[in-house]
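In: Would you be able to build a 3D model of this:
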Amino acid sequence: MSGSASIDDLLTFEEERPRRDDRDRGGRAGRVFRALAGNAGMVAVLVVGLRAVGLQISLMILIAGVFAVSAVRRIAAALAAPPPPASRRSSTAQYEDGTWNWGARDALRTAINGWQLPLDWSTTRSERFTGVILPRLAELADERLRLKHAVTRESDPVRARALLGDRLWTFLESPPRRPPSPRDLAVIVAELEKI
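Out: Presented below is the predicted three-dimensional model:
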């Protein structure tokens, strides 16, 4: 592979299959043992630290305190609300073995939603269209020209104009006074995809 990626490659999204958590391998006994070992280690560190500064606390009180803090921490973690979803509606993906990954995202949907807000803003403010949307479309045109024909509008304007066509070239080079209608924008995007 030459190291370059197409726009289509950039829009794809592949998610790894969820792996089984290493903490679940030992089962309940393993989790209890790890919790006890962690608490015992914390007690040992506290005893050494307190004795280093000249304080002495009853070992039973120290053990009870460490176990109480650990229990509260675990209960709070278990009762915590799940993190909010990344999007309002997440799509699903089915693996080859028939299992489902309910958290998979559709890269195309994410890319389209990334354009939705700037396009909505540009309908009421033409400077928003020429400042945000038009440069993105120009970057896409240059990238497609570079990948498919090894030119850009800047490197070889004559050839780029021939490849883009007069309508698309004029649209990218001299911004319109007002944003194009959705129908006109669809025609321009279709021409851009033909490059």
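In: residue boundaries of the helices in the chain?
Out: 7-11, 27-52, 59-79, 107-124, 126-128, 134-149, 157-164, 166-173, 182-194 (DSSP state H).
In: Please convert the ones you listed to a markdown table, extending it with mean neighbour count.
Out: No exception for glycine: its C-beta is placed from N, CA and C like everyone else's. Putting these into a markdown table (neighbours: other Cβ atoms under 10 Å) gives the following:
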| stretch | mean neighbour count |
| --- | --- |
| helix 7-11 | 11 |
| helix 27-52 | 12 |
| helix 59-79 | 12 |
| helix 107-124 | 13 |
| helix 126-128 | 14 |
| helix 134-149 | 16 |
| helix 157-164 | 16 |
| helix 166-173 | 16 |
| helix 182-194 | 13 |
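In: gap between residue 194 and residue 43?
Out: 71 Å (Cβ to Cβ, to the nearest Å).
In: Ok, residue 165 next?
Out: From residue 165 to residue 43 the distance is 76 Å (Cβ to Cβ).
In: quick one on the thing from earlier: need the helices of the chain in JSON lines (columns: mean pLDDT).
Out: Below are those laid out as JSON lines (pLDDT from 0 to 100):
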{"stretch": "helix 7-11", "mean pLDDT": "59"}
{"stretch": "helix 27-52", "mean pLDDT": "91"}
{"stretch": "helix 59-79", "mean pLDDT": "91"}
{"stretch": "helix 107-124", "mean pLDDT": "65"}
{"stretch": "helix 126-128", "mean pLDDT": "75"}
{"stretch": "helix 134-149", "mean pLDDT": "86"}
{"stretch": "helix 157-164", "mean pLDDT": "90"}
{"stretch": "helix 166-173", "mean pLDDT": "87"}
{"stretch": "helix 182-194", "mean pLDDT": "82"}
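In: which residues does the residue nearest to residue 144 when sequence neighbours are not counted contact?
Out: Of all residues not flanking residue 144 in the chain, residue 195 sits nearest, at 4.4 Å (Cβ to Cβ, 6 or more residues apart in numbering). Going by Cβ atoms under 8 Å, 6 or more residues apart in numbering, residue 195 touches 141, 144, 145, 148, 149, 163, 164.
In: got the contact list for the third one?
Out: By Cβ under 8 Å, 6+ apart, the contact set of residue 145 is 151, 152, 153, 160, 163, 164, 195.
In: Surely the fourth one touches residue 150?
Out: If I follow you right, that is residue 160. No: in this structure residue 160 lies outside contact range of residue 150 using Cβ atoms under 8 Å: 10.9 Å.
In: tell me the domain boundaries of the chain?
Out: Per automatic domain parsing, the structural domains of the chain span 22-81, 107-194.
In: rewinding a little: any idea which of the contacts of residue 195 is closest to residue 27?
Out: residue 144 (54.1 Å; Cβ to Cβ).
In: Surely that closest one and residue 194 touch.
Out: No: look at residue 144 against residue 194 with Cβ under 8 Å: they stay out of range, at 9.3 Å.
In: Could you report the separation of residue 75 from residue 62?
Out: On the measure of Cβ to Cβ, residue 75 and residue 62 end up 21 Å apart.
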